[in-house]
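**Q** Kindly generate the corresponding structure for this input.
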Amino acid sequence: MNSQFPIIEIYDTTLRDGAQAEDVSFSVEDKVRIALKLDELGVPFIEGGWPGANPKDIEFFHVMKSTPLEHAKIVAFGSTRKAKNTAKADPTLEALLSAETDIVTIFGKSWTLHVTEALETTLAINLELIADSIAYLRSRGRQVFYDAEHFFDGYKMDPAYAMKTIQAAVEAGAERIVLCDTNGGTMPWDIGEIFAKVRKNCSVPLGIHAHNDAEMGVANSLTAVQAGAIQVQGTINGIGERCGNANLCSVMANLELKMERTALGDGRLAQLRTISNYVAEMANLTPNKRQPYVGDTAFAHKGGVHIHAVQKNPLTYEHVNPDVVGNHRRVLISDSSGRSAVFGKMETFGLDLPQNNPKVLELLDSLKTLEYEGYQFEGAEGSFELLVRKAMGTYTPSFELLGCRIIVEKRKTKEDPISEATIMVKVGEVVEHTAAVGDGPVNALDHALRKALEHFYPQLQEMKLLDYKVRVLTGRHGTGSRVRVLIESGDHKEKWGTVGVSENIIEASWQALADSIEFKLMKEKPQT
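**A** Model (predicted):
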């Protein structure tokens, strides 16, 4: 890192601003666990929420008082006092103090439009609200960060007044002034120009808080750093209200890998993918596979030319080493793949064969035929590894299907249908015949298959079906087209995908289900 620049302070607001995202709701336990992960990552400031706003935030701050952290400081967030209250008698400020954090962040109005229409007060009184609130919190021993809400919009409308709000905060004792692009609509060139002007007239270190409504959250944050910001606020994965906040995963990676600025240091970027997936899990969101740096496809290669080149030198099609951010290279198998892709995948499976081996050429031809028929192995690497091992003669099935039957019965108009699956399998010389019910025919089939096999393979109890997708394949047969079923399964160690294709959705589901179980069992026995 370049030592001539100050360390960039990462200020995480996932637990407050991120929690305002649609479909996101953190429990107190979720928030505590995320805070511990962020501390492990080395984030110096974690905004925990708005104490007094809801019971969960109150409980979170209470729990964190007795929770030791190694790197991070918990920050309480709130607004300036109400115009009708004195600072000492203002409930919001008292709630901030009750959180007992060393640092408090408060926001105030920078835009005359908000002062007159949202607060319905005068410009002079707004300056008093800012100054009084910060001075009171400082008198009670708190460090104060001041978020200048809507600053860039306010500066464009009335630069002199926007600067007065900043000056009021500085004179009252704010230790950081954070310029906020609250509506997320400012362009990077405006951010840079305005930031540079403010920096010349502000004696306190500056920060940036950018929203992503114009897809500029990360760009605006980095531009602000170039213009002198020493603090960047954002959220993990960019979650937040409307279109979200600046994505700290991308911000931190870009700061250290592209701008040579220290954000986390000590190689902690290698935890980025882990924290990204962890927060997505806690938020009950599907990870964005196309997210830069940390997504599943960030270092995935599909085209044969790309694969061949990256195997010679990763720099040909990778802008950074995926290991640096805790990710890994993936070679996708499709009908556009060539011999290099197949050999690349075989290396990951531990198979070492010469390139002129006829089985490899047969496998490649088989792959292209299967994809023409509707199979897709990009998201079904479990099925592909089974296909490879079968072609190479290194795979032995764990069970044999002798037969199955599925019955769907609807007894009354307003009642849900009942699905029951009966299955007969053979393991070695033993035949197992069993039945199970489920929420639908595929769920019943899954339950019956597991029930039949868990006696022989108890490790299947730790395996879960994580996702199930069906796509009707358009083509020559119109309504008679085939369907493709993609299943994602996982256990405590890894996740894998499998695929099935048929004109019958149950048959396609069976193929994917059987492959998912075979893959699990195959990974736990020695391969030749």
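
**Q** Look up how far P44 lies from the residue of the chain most remote from its centre.
**A** Centroid-distance maximum for the chain: E429 at 46.4 Å, with CA atoms, centre = their mean. Using CB to CB, to the nearest Å, E429 is found at 63 Å from P44. In short, each C-beta sits where N, CA and C put it, glycine included.

**Q** for K109, what are its contacts?
**A** V115, A118, L119, N126, E149, H150, G154, T165 (CB atoms under 8 Å, 6 or more residues apart in numbering).

**Q** what is it paired to in the beta sheet?
**A** E149 (DSSP bridges).

**Q** do you know how far it is from V279?
**A** Distance from K109 to V279, by CB to CB: 30 Å.

**Q** can you map out the helices along the stretch 151-300 of the chain?
**A** Along the stretch 151-300 of the chain, the stretches classed as helices by DSSP state H, counting those that start in this stretch are 151-157, 159-172, 188-200, 217-226, 248-257, 272-282.

**Q** count of neighbours near R81?
**A** When neighbours are defined as other CB atoms under 10 Å, R81 has 24 of them.

**Q** Need the three-state assignment for it.
**A** What DSSP: H, G, I helix; E, B strand; the rest coil gives for R81 is coil.

**Q** Am I right that it is in contact with D132?
**A** Yes. Using CB atoms under 8 Å, R81 is in contact with D132, at 6.1 Å.

**Q** now the stretch 351-500 of the chain, which segments are flagged as low pLDDT?
**A** Within the stretch 351-500 of the chain, the segments meeting pLDDT under 70 span 351-356, 378-379, 474-480.

**Q** Which helix or which strand is home to I74?
**A** strand 73-79 (DSSP states H and E).

**Q** Neighbouring strands of that strand in the sheet, and parallel or not?
**A** Going by DSSP bridges, the partners of strand 73-79 are strand 45-49 (parallel), strand 103-109 (parallel).

**Q** for it, which positions count as buried?
**A** With burial defined by 16 or more other CB atoms under 10 Å, the residues of strand 73-79 counted as buried are I74, V75, A76, F77, G78, S79.

**Q** Would you mind identifying the next helix or strand past it?
**A** helix 91-98.

**Q** in this structure, what spans have low per-residue confidence?
**A** Using pLDDT under 70, the chain drops low at 1-3, 304, 333-356, 378-379, 474-480, 526-528.

**Q** Now for it: which helix has the highest residue count?
**A** The single longest helix within the chain, with elements called by DSSP state H, is helix 505-523.

**Q** and it, what does it pack onto?
**A** On a contact count with 3 or more CB pairs under 8 Å, 6 or more residues apart in numbering; DSSP states H and E, helix 505-523 meets helix 381-392, strand 400-409, helix 441-453, strand 464-472, strand 483-490, strand 495-502.

**Q** In TSV, list the ones you listed along with distance to G244 and mean neighbour count.
**A** Shown next, in TSV, are those (distance: least, CB to CB, whole Å; neighbours: other CB atoms under 10 Å):
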stretch	distance to G244	mean neighbour count
helix 381-392	30	22
strand 400-409	42	13
helix 441-453	34	21
strand 464-472	23	14
strand 483-490	25	22
strand 495-502	25	23
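
**Q** nearest to V251, of those?
**A** strand 495-502 (26.9 Å; CB to CB).

**Q** Dump the C-alpha coordinates for the closest one into PDB.
**A** The C-alpha coordinates for strand 495-502 follow below in PDB (Å, rounded to 0.1, in the frame of the first residue of the first chain):
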ATOM      1  CA  LYS A 495     -22.700 -26.700  -2.500                       C
ATOM      2  CA  TRP A 496     -23.200 -28.400  -5.800                       C
ATOM      3  CA  GLY A 497     -25.600 -28.300  -8.800                       C
ATOM      4  CA  THR A 498     -27.200 -31.100 -10.800                       C
ATOM      5  CA  VAL A 499     -29.400 -31.200 -13.900                       C
ATOM      6  CA  GLY A 500     -32.100 -33.300 -15.500                       C
ATOM      7  CA  VAL A 501     -33.900 -32.900 -18.900                       C
ATOM      8  CA  SER A 502     -37.000 -34.700 -20.100                       C
END
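
**Q** what pairs with it, and is each one parallel or antiparallel?
**A** strand 483-490 (antiparallel).

**Q** how far does the strand it pairs with sit from the chain's center?
**A** 21 Å (CA atoms, centre = their mean, to the nearest Å).

**Q** And stretch 301-310, by the same measure?
**A** Distance, centroid of stretch 301-310 to centroid of chain: 26 Å (CA atoms, centre = their mean).

**Q** thought A87 was touching I134?
**A** No. A87 is beyond contact range of I134, at 9.1 Å (criterion: CB under 8 Å).

**Q** measure P417 to N443 for me?
**A** 12 Å.

**Q** swap in M259?
**A** Taking CB to CB, one finds M259 at 50 Å from N443.

**Q** what residues do R81 and D132 have in common as contacts?
**A** A87.

**Q** and the closest residue to K520 other than its chain neighbours, how many neighbours?
**A** Nearest non-adjacent residue to K520, counting by CB to CB, 6 or more residues apart in numbering: M463, 5.2 Å away. Residues contacting M463 under the criterion other CB under 10 Å number 20.

**Q** Contact partners for M463?
**A** Contacts for M463 (CB under 8 Å, 6+ apart) come out as S489, G490, D491, S516, I517, K520.

**Q** Quick check, the fourth one in contact with A380.
**A** It refers to S516. No. Judged on CB under 8 Å, S516 makes no contact with A380 at a distance of 9.6 Å.

**Q** which residues do these two both contact?
**A** Both S516 and A380 are contacted by T498, under the criterion CB under 8 Å, 6+ apart.

**Q** more crowded one of A87 and I134?
**A** Counted by other CB under 10 Å, A87 and I134 do not tie: I134 has more neighbours, with 27 against 22.

**Q** who's in contact with the more buried one?
**A** Taking CB under 8 Å, 6+ apart, one finds T80, I106, V144, Y146, A169, A172, G173, A174 in contact with I134.

**Q** I figured the first one hits L129, correct?
**A** Yes. With contacts defined as CB under 8 Å, T80 counts as touching L129 at a distance of 4.4 Å.

**Q** Spit out the residues that contact these two alike.
**A** Counting by CB under 8 Å, 6+ apart, the contacts common to T80 and L129 are G108.

**Q** any idea where the strands of the stretch 301-450 of the chain begin and end?
**A** With strands called from DSSP state E, counting those that start in this stretch, the stretch 301-450 of the chain shows them at 330-331, 400-409, 418-427, 430-438.

**Q** Turn these into a markdown table, columns for distance to A35.
**A** A markdown table is the format used below for the strands of the stretch 301-450 of the chain (distance: least, CB to CB, whole Å):
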| stretch | distance to A35 |
| --- | --- |
| strand 330-331 | 31 |
| strand 400-409 | 47 |
| strand 418-427 | 43 |
| strand 430-438 | 39 |
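
**Q** Which of those sits closest to V225?
**A** strand 330-331 (31.0 Å).

**Q** who does the closest one touch, helix- and strand-wise?
**A** strand 300-301, helix 339-348.

**Q** That strand pairs with which strands, parallel or anti?
**A** Partners of strand 330-331 in its sheet, by DSSP bridges: strand 300-301 (parallel).

**Q** List of residues touching the strand it pairs with?
**A** I307, V310, Y317, R329, R330, V331, L332, A341.

**Q** With respect to D181, which of those is nearest?
**A** Y317 (33.3 Å).

**Q** Am I right that that closest one is in contact with H308?
**A** No. Counting by CB under 8 Å, Y317 does not reach H308; the two are 10.1 Å apart.

**Q** Could you tell me how far the closest residue to P205 other than its chain neighbours is located from I208?
**A** Excluding its sequence neighbours, the residue lying closest to P205 (CB to CB, 6+ apart) is I230, at 4.9 Å. When distance is defined by CB to CB, I230 is 10 Å away from I208.

**Q** ok, A263 - contacts?
**A** Shown in contact with A263 (CB under 8 Å, 6+ apart): I7, I8, I10, V232, V251, M252, L255, E256.
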